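Peer 1: for reference, the sequence and a predicted model appear below.
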Amino acid sequence: MAVFGVLAAALGVVGLIAPDALLTVMGFEPVPAGGRADGDHTLVFLTSSSMAALNMGVYYVLAALADWKAFFRWTVPFRLLTCTVFTLAVVTGRAPAGFLGVGLWEGLGAVVTGLALRYEKRAAVRTEARA
């Protein structure tokens, strides 16, 4: 959880400081300065998404430091939902193929988190059984 949080926060900072770099990482081609049409709110959306990623990253780090298991459990279904939505965005042509990595990252994170929670729960049950 802490690793995911740090990465999310770092990417949020990148998006706030260098939005074109973040667009490139996600598989989008940045538009040169002055090349955006009137009414193009890509940078506004990117700024708000980056700020959300920064905040979310901090939440994840704080939850990891507090070992807040309930928070960890809550993230699993929502990260799987995010994986599904982002993957479908690529499959349906709404997003470039490079964006698939974002969906897969969310899906992998959800699976790893779910498996870790399951492992810890089973280990606790075994420990209690021995006592």
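Peer 2: Here it is on my side, so go on. Just so it is clear, the structure is predicted and the values come from calculations on it, not from any experiment.

Peer 1: per-residue confidence at the residue nearest to residue 82 when sequence neighbours are not counted?
Peer 2: The shortest distance from residue 82 to any non-neighbouring residue, by Cβ to Cβ, 6 or more residues apart in numbering, is to residue 106 (4.4 Å). Any C-beta I mention is one placed from the backbone N, CA and C, and that applies to glycine too. Note for residue 106: predicted pLDDT of 92.

Peer 1: how near is the nearest residue to residue 30 once chain neighbours are set aside to residue 32?
Peer 2: Excluding its sequence neighbours, the residue lying closest to residue 30 (Cβ to Cβ, 6+ apart) is residue 20, at 3.7 Å. Distance, residue 20 to residue 32, using Cβ to Cβ, to the nearest Å: 9 Å.

Peer 1: equivalent analysis for residue 22, please.
Peer 2: 16 Å.

Peer 1: ok, now residue 115?
Peer 2: Distance from residue 115 to residue 32, by Cβ to Cβ: 44 Å.

Peer 1: who's more crowded, the two?
Peer 2: Ranked by neighbour count (other Cβ atoms under 10 Å), residue 115 and residue 32 place residue 115 first, with 11 against 8.
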